[in-house]
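Chemist: Need coordinates for the following:
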Amino acid sequence: MQIVAKVASAMQAVFGRMLNDLARTTGCVRRQRKFSGALLVRTLVLTLLHRPAAKERDYRAMAAKLGVHVTEEAVAQRFTDGLVRFLAEVLKRAVAQTLAAKPVPGGLLRKFTDVRIGDSTTLTLPDEMAGQFPGCGGTGKACRAALKIQVLWSLATGRLIEWLLEPGRASDSLSPITAEVPPAGSLSVFDLGYFSLERFQEVAAAKAHWISRFQYPTNVFDRAGKLLSLLRFLKQHGAHGLVDVPVVLGAAERLACRMVAVRVPAEVAARRRQRIRQYARDHGRQPSQDYLALQEWTIFVTNCPANLLNWKEVVVLYRARWQIELLFKLWKSHNRLAERDIAATPQRQMAVLYAKLIGVLVQHWILLTATWSDGQRSLRKAAVIVRDWIVLLSDALDDPRRLCRLLRRLNDAIAKTARVTRRRRHPSLFQLLENPGLLDYSVR
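Modeler: Sure, this is the predicted structure:
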């Protein structure tokens, strides 16, 4: 089944009439008058995809488009505990629809069976949700309740391999997304919040690869077992701004791997030190001089041998991790996932959040049909076009053939208008994946 047909099927599973029974079992719809479970989900999710800061009049207009004529007061009365439970269950069904496009053709990604990126983003919630989703701490009532979205994402196919909701205070390093055993020949890239020598060993045992930034102050040994002063070692061996050597990490773990260290410009190092000092002051700490001095270097560790990846390819693939940050930014800025009406009831705030979460998943599926086979794509530009097409798509949800035709037309529109241009200065990621030699990372 082609990706367009798969997405059409997934959309019908999320918006279909089988939701009517679920609405009754969750107490959302007790006696159907105008809204069935399916029509209620369509009204909320499609409205928020089209207008993320929707008001009652916007929900009413979408309901009318779907054939349900209600007053704005009737819409407002729908935001109940039952609706929150219902939408939470619909979200679970949406998450279960794991869709993947064809892998991006050619380039650096083709060296691996898959390239997986893991990260999280956090959203604040009403204080009343602190029992279910305790927040991240802070002074007073700051962030008493928060929800963390953990995502394990295939950069090659766009598939959301894992998509989990956790309390805001949950540790990234203990997240279930780190327990996912990667397939042999794949590459996993996580940020420092997930740094774990034990996990790196498990990835290598699965005959897969990993790249990470180095976490200070992990012990570093040479291959003979001698403990290194990392700062002194880099100064001695990095006269030309590059160190690429085999090392062993961890006093107990003794993980054999490769270290790639690249000196950064003085202004970059200065900005890093400024941030570190500010963070330390905010938390009543004092950064060590060695740690401040190490900001002169960007240090990567990996089990990818030099005959698989040269140092520039290591840097490019770690930089690719930023794509998941852009995905989160799309959800938060374009879909306004992080915005909530603090004057609204907790039930309304949570219902809107769950409806938006369902919406960003549906949006992601649509983007898979339209952008993934072309590395020269802009998710942000494509998402803007999807928003404009929501009303058209809403008319076709009960007609699989018509929905597929609309998705293909949408694909054509995105292909013509949602591309990024090639740049001579500051090449985009798709250019670097095609040709890592374009990386402007001078070593001296």
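
Chemist: For residue 299, identify the helix or strand it belongs to.
Modeler: Taking DSSP states H and E as the definition, residue 299 sits inside strand 297-302.

Chemist: So what touches that strand?
Modeler: For strand 297-302, contacts defined as CB atoms under 8 Å, 6 or more residues apart in numbering pick out 209-214, 230, 234, 238, 247, 249, 257-264, 309, 314-315, 318. In short, each C-beta sits where N, CA and C put it, glycine included.

Chemist: Also stretch 228-241?
Modeler: 216, 220-222, 243, 245, 247, 261-263, 290, 293-294, 297, 299, 442-444.

Chemist: rerun at 6 Å
Modeler: Surrounding stretch 228-241, the residues in contact under the criterion CB atoms under 6 Å, 6 or more residues apart in numbering are 220, 243, 261, 263, 290, 293, 294, 297, 443, 444.

Chemist: Determine how far it lies from the middle of the whole chain.
Modeler: Centroid separation between stretch 228-241 and its chain, computed with CA atoms, centre = their mean, to the nearest Å, is 35 Å.

Chemist: what about that stretch, start to end distance?
Modeler: For stretch 228-241, the separation between the terminal residues is 18 Å (CA to CA, to the nearest Å).

Chemist: for the record, mean pLDDT for it?
Modeler: Over the span of stretch 228-241, the pLDDT mean works out to 93.

Chemist: how about the helix or strand of the chain with the lowest mean pLDDT: buried residues?
Modeler: Comparing every helix and strand of the chain by mean pLDDT, DSSP states H and E singles out helix 429-434 as the least confident one, with a mean of 83. The neighbour-count check on helix 429-434 (16 or more other CB atoms under 10 Å) flags 429, 430, 431, 432, 433, 434 as buried.

Chemist: Can you tell me the centre-most residue of this structure?
Modeler: Centroid-nearest residue in the chain, with CA atoms, centre = their mean: residue 324, separated by 4.1 Å.

Chemist: need the contact list for it.
Modeler: When contacts are counted by CB under 6 Å, 6+ apart, residue 324 touches 117, 119, 153.

Chemist: how about a cut-off of 10 Å?
Modeler: When the contact criterion is CB atoms under 10 Å, 6 or more residues apart in numbering, the partners of residue 324 are 117, 118, 119, 120, 121, 151, 152, 153, 155, 189, 190, 191.

Chemist: and it, which of the three is it?
Modeler: Secondary structure for residue 324, judged by DSSP: H, G, I helix; E, B strand; the rest coil, is helix.

Chemist: Alpha carbons of stretch 340-353, as PDB, please.
Modeler: What follows is stretch 340-353, C-alpha atoms only, in PDB (Å, rounded to 0.1, in the frame of the first residue of the first chain):
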ATOM      1  CA  ARG A 340      -3.200  27.600  26.500                       C
ATOM      2  CA  ASP A 341      -6.000  29.800  27.700                       C
ATOM      3  CA  ILE A 342      -5.200  30.100  31.400                       C
ATOM      4  CA  ALA A 343      -8.600  31.700  32.000                       C
ATOM      5  CA  ALA A 344     -10.400  28.600  30.700                       C
ATOM      6  CA  THR A 345     -11.400  25.600  32.900                       C
ATOM      7  CA  PRO A 346      -8.800  22.800  33.300                       C
ATOM      8  CA  GLN A 347     -11.100  20.500  31.400                       C
ATOM      9  CA  ARG A 348     -11.100  22.900  28.400                       C
ATOM     10  CA  GLN A 349      -7.400  23.400  28.500                       C
ATOM     11  CA  MET A 350      -6.700  19.700  28.500                       C
ATOM     12  CA  ALA A 351      -9.300  18.900  25.900                       C
ATOM     13  CA  VAL A 352      -7.800  21.500  23.500                       C
ATOM     14  CA  LEU A 353      -4.300  20.100  24.200                       C
END
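
Chemist: for the top helix by length along the chain, what is the average pLDDT?
Modeler: In the chain, ranked by residue count with DSSP state H as the criterion, the top helix is helix 346-371. In this model, helix 346-371 has a mean pLDDT of 94.

Chemist: Toward the C-terminus from that helix, list the very next helix or strand.
Modeler: Stepping forward along the backbone from helix 346-371, the first helix or strand reached (DSSP H and E) is helix 379-394.

Chemist: List the buried residues for the helix or strand just after that next one?
Modeler: As assigned by DSSP H and E, the chain's next helix or strand after helix 379-394 is helix 400-417. Within helix 400-417, the residues scored as buried using 16+ other CB under 10 Å are 403, 404, 406, 407, 410, 411, 414, 415.

Chemist: what's near enough to touch the third one?
Modeler: If you count contacts by CB under 10 Å, 6+ apart, residue 406 has them with 4, 8, 389, 392, 393, 395, 396, 399.

Chemist: again, only using 8 Å
Modeler: When contacts are counted by CB under 8 Å, 6+ apart, residue 406 is found next to 389, 392, 393, 396.

Chemist: ok, the first one touching residue 411?
Modeler: No. Under the criterion of CB atoms under 8 Å, residue 389 is not in contact with residue 411, lying 10.7 Å apart.

Chemist: Need the overlap of contacts for these two.
Modeler: Between them, residue 389 and residue 411 share no contacting residue, judged by CB under 8 Å, 6+ apart.

Chemist: Compute the mean per-residue pLDDT across stretch 205-216, please.
Modeler: Across stretch 205-216, pLDDT averages out at 97.

Chemist: can I see the domain layout of this structure?
Modeler: Segmentation of the chain into domains, based on automatic domain parsing, reads 3-97+341-417, 212-312.

Chemist: Can you check which of the ones you listed gets nearest to residue 103?
Modeler: Closest to residue 103 of these, according to CB to CB: domain 3-97+341-417, at 8.5 Å.

Chemist: if we can go back for a sec, tell me which strands the strand holding residue 299 pairs with, and in which orientation.
Modeler: As defined by DSSP bridges, the strand partners of strand 297-302 come to strand 209-213 (antiparallel), strand 255-263 (antiparallel).

Chemist: Deepest in the core, which of those is it.
Modeler: Mean neighbour count (mean count of other CB atoms under 10 Å) peaks for strand 209-213 among the strands paired with strand 297-302, with a mean of 23.
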